[in-house]
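In: structure of the sequence below:
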Amino acid sequence: MLVSLFGVGVALLANAFCYVIAVGFLLLIRGVHEEKGDRRASPLAELKDGLNYTRTTPGVSLVIGLTLVFGLSSLAFIQMAPGFARAGLGFDAKETGIFMLCLGVGAIVGGTIFTVLRTTATPRLVVVAMMSYSGTLVLLALNPWYYGYYVIAVLNGVTNALEVILPNAYFQTVVPSKYLGRVLSLWFLAAGLAALSALPIGVIGDEYSLRFAFGCAGTLFILFGIYFGFIRRTPETPKVQYAV
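Out: Predicted structure coming up:
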């Protein structure tokens, strides 16, 4: 909407201002508990230690592993949403802007839902969030109704917020602080593969269609989620008890 009303420059300035607000809130954080550990090892030793912890902790390894698959399939939609609206759905600039606005509104709703419900994050709930996000891609691929795309975009935004918030909340409650930074780094690395997976999805989209490409990507992850999240049993990881 800002682009339509004022141009790209104003929209970018507004975006930058939002980052300033975020930095301001980070600076207001006080009273964070820190565990005092032994003398720090070398970065390579710490990396190996973090990988071993992730590999041997069932719930954490499930979330990281499925995020890896998620990043290589469904999550590429985040990178390609504007192109999907233009090339996949045939939207013009105004319709694409409304489509992106719906994604943003959904993200706000998703964050609000988690805050209001105060849901306890578990590995299976994380898997459900990622499967729900993937399900919205399948709906976008199959939907024949014009206004349905905007409704599904809102749902995509809701599930996008939840698939980001829930893993963070889960790691904060089960991972000891000495490993937390390394586990979050692995999680961000797995999710970051979305930028790489955009290339093969774009190639498939050129050959067939972006709707077909994302529909297949969403279906692929749903199958992985059903098997690893529900059919294959994963032991629970005990929560970390922090001193206050």
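In: where exactly do the helices run in this structure?
Out: Taking DSSP state H, the helices of the chain run over residues 2-6, 8-27, 43-56, 58-71, 76-83, 93-117, 123-142, 146-174, 177-191, 194-207, 210-226.
In: of all those helices, which one is nearest residue 232?
Out: Taking CB to CB as the criterion, residue 232 comes closest to helix 58-71 out of the helices of the chain, the separation being 8.8 Å. Bear in mind the C-beta positions are built from the backbone N, C-alpha and C, glycine included.
In: need the helices of the chain in TSV (columns: mean pLDDT, mean neighbour count and distance to residue 232).
Out: Formatted as TSV, the helices of the chain follow (pLDDT from 0 to 100; neighbours: other CB atoms under 10 Å; distance: least, CB to CB, whole Å):
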stretch	mean pLDDT	mean neighbour count	distance to residue 232
helix 2-6	81	13	46
helix 8-27	94	10	38
helix 43-56	86	13	16
helix 58-71	94	21	9
helix 76-83	92	19	25
helix 93-117	91	16	26
helix 123-142	96	22	11
helix 146-174	95	20	18
helix 177-191	90	17	19
helix 194-207	91	15	24
helix 210-226	96	20	10
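In: for the spatially most central residue of the chain, give its distance to residue 7.
Out: Centroid-nearest residue in the chain: residue 164, 4.1 Å away (criterion: CA atoms, centre = their mean). From residue 164 across to residue 7, the span is 30 Å (CB to CB, to the nearest Å).
In: also residue 161?
Out: On the measure of CB to CB, residue 161 and residue 7 end up 28 Å apart.
In: and what of residue 108?
Out: Noted for residue 108: a distance of 24 Å to residue 7, by CB to CB.
In: and if you look at residue 214?
Out: 30 Å.
In: what do you get for residue 183?
Out: Separation of residue 183 from residue 7 (CB to CB): 42 Å.
In: go on, residue 194?
Out: With distances defined as CB to CB, the gap from residue 194 to residue 7 amounts to 29 Å.
In: ok, and the closest non-adjacent residue to residue 165?
Out: Taking CB to CB, 6 or more residues apart in numbering, and ignoring the residues beside it in sequence, residue 165 has residue 114 as its nearest neighbour in space, at 5.1 Å.
In: quick one, what contacts that neighbour?
Out: If a contact means CB atoms under 8 Å, 6 or more residues apart in numbering, then residue 114 has 161, 162, 165, 166, 169 as its contacts.
In: nearest to residue 81, of those?
Out: Distance to residue 81, by CB to CB, is smallest for residue 161 among the contacts of residue 114, at 14.4 Å.
In: so who does the closest one touch?
Out: With contacts taken as CB under 8 Å, 6+ apart, residue 161 has the following neighbours: 106, 107, 108, 109, 110, 111, 114.
In: now the fourth one: closest residue in space that isn't a chain neighbour?
Out: In this structure, residue 109 finds its nearest non-sequential neighbour in residue 158, 5.2 Å apart by CB to CB, 6+ apart.
In: so the one you found sits against residue 110, correct?
Out: Yes - using CB atoms under 8 Å, residue 158 is in contact with residue 110, at 3.9 Å.
In: measure stretch 84-95 end to end?
Out: Between the opening and closing residues of stretch 84-95 there is a gap of 12 Å (CA to CA, to the nearest Å).
In: which residues does the nearest residue to residue 98 once chain neighbours are set aside contact?
Out: The shortest distance from residue 98 to any non-neighbouring residue, by CB to CB, 6+ apart, is to residue 150 (6.5 Å). With CB under 8 Å, 6+ apart as the criterion, the residues that contact residue 150 are 98, 99, 102.
In: mind putting those in JSON lines, distance to residue 127 included?
Out: Shown next, in JSON lines, are these (distance: CB to CB, whole Å):
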{"residue": "98", "distance to residue 127": "31"}
{"residue": "99", "distance to residue 127": "27"}
{"residue": "102", "distance to residue 127": "25"}
